[in-house]
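Asks: Curious how this folds, go ahead:
(one chain, ligands or ions: 1)
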Amino acid sequence: MRICYVVAMVAEAKPFIERYGIQLVEDFFSPLPCQLYEGEVNGATLNVVLNGQQQGSDLIGCEAASVATLSAIQRLHPDIVVNSGTCGAFKKNGADIAQVFIGSGVMFHDRRVPGDNTWGTQSLGNYPVWEGSQELAKALGMKTGKVTTGSSLDMQPCDLEIIEKNGGELKDMEGAAVGFVCSLFNVPILYVKSVTDLCDSGAETFEEFSRNLHQACEALKVANEKVIDYLINDPKL
Ligand code: SAH
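Replies: Coordinates of the predicted model:
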């Protein structure tokens, strides 16, 4: 069994790369920017694919996440892809900083295209998540929420309108891109997202994100240990 994590930021992946002692496979995806880490966990292969870096900073966002996911699926043939990282969430839904959620669905919130049954619907995404996601969340005592993806860290009123109309709860910058690519290959996708900021807290998002990044990523590592154990023992995979 092969579990493949797709992660945007080094800070998000580092705690569990170190926890499992998995190793960088140099130039595996060259000339693409994504980077492969690989190791064994209880007889299963664990891959972590990072989006990579440009000009000294992590390649966050949908374009790099699509490239990483496509390359990972074509080269590694994983049984499941896990998109793990940080997100914004909403106080009004009861979310807290460093709380880890499992994705119950995934959509885009900044593709404003009209057309109910054509481009409008397609633009929202709403790709399928792994059918075992709810059961995993229940077994591990984690809450679930719908991942909602856009290309910006801030949230404009028009984003909020689409998020509220479509039940978005966990705001990130990669989830739906990863889900789109997985849907093309029929590869199951599981989301594990840790909250760095509350979109309705009134605080400046980048400041709140930076202040909570370390704590959220430590919580992500603890959650991912449980997720990996669960997936390795899941007879459905
Ligand atoms: N690289 C920058 C900032 C990271 S931007 C730095 O640290 O200097 C945010 C990253 O965290 C994205 O990968 C995104 O998926 C996630 N994220 C966390 N909170 C978010 C929010 N409120 N909205 C959108 N993405 C968020």
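Asks: Quickly list what the closest residue to Val195 other than its chain neighbours is bridged to.
Replies: Among residues not flanking Val195 along the chain, Ala89 sits closest, at 4.5 Å (Cβ to Cβ, 6 or more residues apart in numbering). Backbone N, C-alpha and C define where each C-beta goes, glycine included. Counting by DSSP bridges, Ala89 is bridged to Leu198.
Asks: wait, Ala89 sits on Glu169?
Replies: Yes - counting by Cβ atoms under 8 Å, Glu169 is a contact partner of Ala89 at 6.3 Å.
Asks: okay, and the common contacts of the two?
Replies: Counting by Cβ atoms under 8 Å, 6 or more residues apart in numbering, the common neighbours of Ala89 and Glu169 are 95, 101, 145.
Asks: Looking at the residues you listed, which one is closest to the ligand?
Replies: Within the shared contacts of Ala89 and Glu169, proximity to the ligand (Cβ to the nearest ligand atom) peaks at Ala95, which comes in at 11.2 Å.
Asks: so how many other residues sit close to that closest one?
Replies: 21 (other Cβ atoms under 10 Å).
Asks: returning to what we had before: more neighbours: Ala89 and Glu169, which one.
Replies: Neighbour count, other Cβ under 10 Å: between Ala89 and Glu169, Ala89 has more, with 28 against 23.
Asks: Can you tell me the element the closest residue to Val25 other than its chain neighbours falls in?
Replies: In space, and not counting its chain neighbours, Val25 is closest to Leu36: 4.5 Å by Cβ to Cβ, 6+ apart. Element membership of Leu36, judged by DSSP states H and E, is strand 35-41.
Asks: Send me that strand as PDB with only the CA atoms.
Replies: Only the C-alpha atoms of strand 35-41 are listed here, as PDB (Å, rounded to 0.1, in the frame of the first residue of the first chain):
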ATOM      1  CA  GLN A  35      10.000  17.300  -4.100                       C
ATOM      2  CA  LEU A  36       9.600  13.700  -3.000                       C
ATOM      3  CA  TYR A  37      10.200  12.300   0.400                       C
ATOM      4  CA  GLU A  38       9.900   8.500   0.800                       C
ATOM      5  CA  GLY A  39      10.000   5.900   3.600                       C
ATOM      6  CA  GLU A  40       8.400   2.800   5.100                       C
ATOM      7  CA  VAL A  41       5.800   2.700   7.900                       C
END
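Asks: roughly how far out does that strand sit from the chain middle?
Replies: In terms of Cα atoms, centre = their mean, to the nearest Å, the centre of strand 35-41 is found 18 Å from the chain centre.
Asks: Next: stretch 60-80.
Replies: In this view, stretch 60-80 has its centroid 12 Å away from the chain centroid, taken as Cα atoms, centre = their mean.
Asks: For the chain, which residues are neighbours of the ligand?
Replies: Residues of the chain that fall close to the ligand, judged by Cβ under 6 Å from any ligand atom: 8-9, 57-58, 60, 85-88, 153, 171-174, 196-197, 199, 205, 209.
Asks: Tell me which of the residues you listed fall in helices.
Replies: Using DSSP state H to define helices, the subset of the residues of the chain next to the ligand located there is 205, 209.
Asks: Now the residue most central in space within the chain: which helix or strand?
Replies: Most central in the chain under Cα atoms, centre = their mean is Asn83, positioned 3.3 Å from the mean C-alpha point. When secondary structure is defined by DSSP H and E, Asn83 falls within strand 80-89.
Asks: For the residue of the chain found nearest the ligand, grab the count of nearby residues.
Replies: The minimum distance from the chain to the ligand, using Cβ to the nearest ligand atom, falls at Gly88 (2.3 Å). Counted by other Cβ under 10 Å, the residues lying close to Gly88 total 25.
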